[in-house]
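Enquirer: Sharing a model that was predicted from the sequence below.
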Amino acid sequence: MNVTFDTNVWRIVASPQTFPREQSLSSFNTIIDSIRNDLLLGCLSETVFTLEAIQKADRRRFFSEYYPEIKTSVTEGKDGSIGLSFSIGPDPSALSGNNPYLAKHLQDALLLGSKLMRCPRFSGMVNSDLKHQWFINLDEKTHERANKFGAISREIESRGCGMSDMKQIGKRYAPPNKPWIEGLKIAPDNEDVAIVKAVAEWADGDAIAVHYAHGNDFFCTRDKAKSAGVSSILSENNREWLESSYDIKFVSPEDLANILA
């Protein structure tokens, strides 16, 4: 059984000793025992260590300064022709890596046997602290997973969820004929709160998408999206849509423990 642990769950699974006041610790212990007995594989979205790793106070500044890495190369053919090629990818130096808090919980998660799931976004962010071997079957079914990730991501955005809010903010301020991300570079200070929320929703949308792309059995979360309303991919209405259209099964830690018991 493969289970995606949301950001509000995985740290308790990885480091239960640091949450002595957790009221459902017995449920988490059942989950942990199942992992140790190879009955369950815990999976974490890469966004936990990229989008969500950006401190809330720094999010607008980060995106106002972020540029993807562009590489160019020139080749000369045997007939004397000149070829020019370029590639666009994430800037590995944009993120400063894991802070000590994240690093400690990640180390505990890895010792427990958890795996990470790569989010295949074009020129998306990467965390240079994350090692190749920590990801699930990185070289197997890569193309298929990327296609599934892209397909559901577009549907999520079409419902005004996931990355949609971030794009809309950028489009409001982007100069004519410029991509939306250029608008974030000049967005006014009064968009700070909106950008913080938009990054969180983007991370949630990508976590759902990568869960679906990997075909995991359950998405374990405590997020009910009560404050975000229908604009959240984790709202009740959108959960019903994801369950009926993509067979995504949502469970709380308590639900999961009951399934495993």
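Expert: Cool, the structure landed.
Enquirer: from here on, contacts and neighbour counts on C-alpha atoms
Expert: OK.
Enquirer: And E182, which helix or strand is it part of?
Expert: Using DSSP states H and E, E182 sits in helix 180-184.
Enquirer: what about the spatially most central residue of the chain, is that helix, strand or coil?
Expert: Compute the mean C-alpha point of the chain, and by CA atoms, centre = their mean the closest residue is T47, 2.7 Å away. Classification of T47 by DSSP: H, G, I helix; E, B strand; the rest coil places it in helix.
Enquirer: Quick check, it in contact with A209.
Expert: No: counting by CA atoms under 8 Å, T47 sits too far from A209 to count as a contact (11.0 Å).
Enquirer: just to revisit the earlier point, can you dump the C-alpha atoms of the helix holding E182 in CSV for me?
Expert: Presented in CSV, the C-alpha positions along helix 180-184 are these (Å, rounded to 0.1, in the frame of the first residue of the first chain):
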residue,chain,number,x,y,z
TRP,A,180,2.4,35.8,-15.8
ILE,A,181,5.5,35.2,-13.6
GLU,A,182,6.8,38.6,-14.8
GLY,A,183,3.8,40.2,-13.0
LEU,A,184,4.9,38.7,-9.7
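Enquirer: what residues does the next helix or strand after that helix touch?
Expert: Per DSSP H and E, the first helix or strand lying C-terminal to helix 180-184 is helix 192-214. Applying CA atoms under 8 Å, 6 or more residues apart in numbering, the set of residues contacting helix 192-214 from outside is 4, 6, 45-48, 51-52, 56-57, 59-60, 117-119, 145-150, 152-153, 156, 161-166, 169, 219, 232-234, 246, 248.
Enquirer: Please apply the same query to stretch 129-142.
Expert: Under CA under 8 Å, 6+ apart, the answer for stretch 129-142 is G97, N98, L110, K115, L116, M117, R118.
Enquirer: List buried members of those by neighbour count.
Expert: Burial by neighbour count, judged by 16 or more other CA atoms under 10 Å, picks out G97, N98, K115, L116, M117, R118 from the contacts of stretch 129-142.
Enquirer: and those, which two are the farthest apart?
Expert: Using CA to CA, the two most remote members of those are G97 and K115, lying 17.7 Å apart.
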